[in-house]
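Asks: Just a sequence and a predicted model for now, questions to come.
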Amino acid sequence: MAGILLLAEHLNGAVRDITKEAIGAALSVKEQLGGPLVVAVIGENADAIANAVDLSGVDEIVTVKMQGDHFDPHIYEECALQLGMKYKPKLVLVGHTVNGMACASAVAARVGAGFASDVLALSADAGTVVATRGAYGNKVNLEVAFPGREIVVLALRGATYPIPEGAGSAKRSTFEVDLGEASKAMLHTGYIEAPPSNIDISKAEYILSVGRGIQEKDHLPRFEKLADRLGFTFGCSRPIVDSGWLPKPHQVGQSGKVASVCKVYIALGISGAVQHLYGMKHVDTIIAVNTDPEAPIFNVATYGVCMDLFELTKELETQFN
Ligand SMILES: Cc1cc2nc3c(=O)[nH]c(=O)nc-3n(C[C@H](O)[C@H](O)[C@H](O)COP(=O)(O)OP(=O)(O)OC[C@H]3O[C@@H](n4cnc5c(N)ncnc54)[C@H](O)[C@@H]3O)c2cc1C
């Protein structure tokens with residue numbers, strides 16, 4: 001086992017940044033892992049898409065022709081396994097994205113590989129991979145080693161490694177995969193584009209989010225205005241989106257967006273369900289306002305305020321008018 005196999009992610013014909021960042025991450029350990037960096041592009045237009053991953057330091061780009069360019073976890077899983085048999089990589093890299101997470105752990109389980117998700121740094125010493133990831137609500141960083149595992153599968157967090165500069169001159173090859181039953185597991189019926197939005201929770205440094213505690217849709221403009229005045233991006237919990245009060249791009253959490261670079265997060269009337277906390281795990285400072293002293297949000301809050309959010313908002317409105 002040597003080298004790195006990276007599964008490229010693409011959408012509507014464009015390679016996603018996470019794949020280019022993962023190339024950057026792979027290059028940081030390529031030498032120590034003593035083998036090539038192979039990037040696999042899977043899909044109907046894999047050849048055209050492949051050009052975008054030909055970055056400096058990539059040794060080989062292998063294209064796997066499939067019907068359609070959509071992501072199907074079963075197909076990617078099967079491709080990863082069969083590509084793995086050919087290239088025998090020490091490290092398999094994917095993005096820590098909805099797609100990556102849908103196939104990476106399955107690949108690891110099927111080959112008995114070591115596995116870590118949400119990896120924010122990797123290193124390798126004498127051919128041994130070490131991954132760094134957060135723990136205890138990201139309060140500490142853990143270095144995870146994989147003793148006894150010949151292969152390691154890692155899902156890399158976005159925006160942690162820079163995209164390598166400069167075009168590469170990677171060898172091009174093609175690979176045929178026998179999908180067997182994997183092709184029948186899911187039926188892709190099409191994409192539904194989210195409505196355009198100028199909100200990007202993943203890039204916001206300051207976020208003010210509201211939850212079900214605000215009680216009524218009519219109260220929303222007040223908090224939106226306050227967020228605006230403070231210079232904060234306006235976020236929310238899922239029930240606010242599910243009720244149709246705010247569009248999806250505002251949603252923080254597991255099925256919404258992760259506040260990846262947020263320095264200060266104000267949570268008003270949000271209980272702190274695990275799915276919401278998932279979107280806040282990288283936040284430096286959390287200020288939570290909730291009337292319930294037992295609300296789980298207080299377990300992760302840097303500053304907890306146990307009071308009526310409307311009272312606090314009134315005070316803030318007076319001060320920031
Ligand atoms: C697969 C899956 C994915 C999910 N993904 C997400 C996700 O991405 N994001 C997400 O947010 N949720 C997600 N959820 C839903 C999640 O489990 C919770 O239901 C949701 O986060 C709760 O939202 P909330 O905190 O706004 O509401 P609640 O849990 O109802 O909390 C409201 C809080 O407001 C407080 N409150 C009430 N009145 C006041 C007041 N006047 N002043 C101060 N505090 C007050 C209450 O004490 C309470 O703690 C997901 C669930 C599933 C199953």
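Replies: Good, I have the coordinates. Predicted model, so just to flag it, every value in this text is computed and none were measured.
Asks: Please list the residues of the stretch 101-250 of the chain that sit near the ligand.
Replies: Within the stretch 101-250 of the chain, the residues that sit near the ligand (C-beta under 6 Å from any ligand atom) are 211-213, 237-239. From N, CA and C alone the C-beta is placed, and that goes for glycine too.
Asks: which residues of the protein fall in helices?
Replies: Applying DSSP state H to the chain gives helices spanning 17-33, 46-50, 73-87, 98-111, 220-230, 238-242, 274-278, 297-300, 309-319.
Asks: hmm, stretch 268-288 touching the ligand?
Replies: Yes - using C-beta under 6 Å from any ligand atom, stretch 268-288 reaches the ligand at 269-271, 273, 275-276, 279.
Asks: Could you give me the buried positions within that stretch?
Replies: Residues of stretch 268-288 classed as buried under the neighbour-count rule (16 or more other C-beta atoms under 10 Å) are 268-273, 276-277, 279-280, 282-283, 286-288.
Asks: Likewise for stretch 15-35?
Replies: Neighbour counts over stretch 15-35 (16+ other C-beta under 10 Å) mark 15-16, 18-27, 29-30, 33, 35 as buried.
Asks: now swap in stretch 85-101 and tell me
Replies: The neighbour-count check on stretch 85-101 (16+ other C-beta under 10 Å) flags 87, 89-97, 99-101 as buried.
Asks: min pLDDT across the buried residues of stretch 268-288, which one?
Replies: Checked by pLDDT, those have residue 282 as the lowest-scoring entry (87).
Asks: Tell me the confidence at the closest residue in space to that one that isn't next to it in sequence?
Replies: Nearest residue to residue 282, sequence neighbours excluded (C-beta to C-beta, 6 or more residues apart in numbering): residue 260, at 5.3 Å. Here, the pLDDT recorded for residue 260 equals 89.
Asks: Okay, now the unreliable bits of this structure?
Replies: Counting by pLDDT under 70, the ranges of the chain that qualify are 137-139, 321.
Asks: Domain-wise, how is it divided?
Replies: 4-184, 201-319 (automatic domain parsing).
Asks: Centre of the chain to the last one, how far?
Replies: What it means is domain 201-319. 20 Å (C-alpha atoms, centre = their mean, to the nearest Å).
Asks: ok, now which ones touch the nearest residue to residue 97 once chain neighbours are set aside?
Replies: Nearest non-adjacent residue to residue 97, counting by C-beta to C-beta, 6+ apart: residue 18, 5.8 Å away. Contacts were defined as C-beta atoms under 8 Å, 6 or more residues apart in numbering; by that measure residue 18 touches 9, 95-97, 100, 156, 158.
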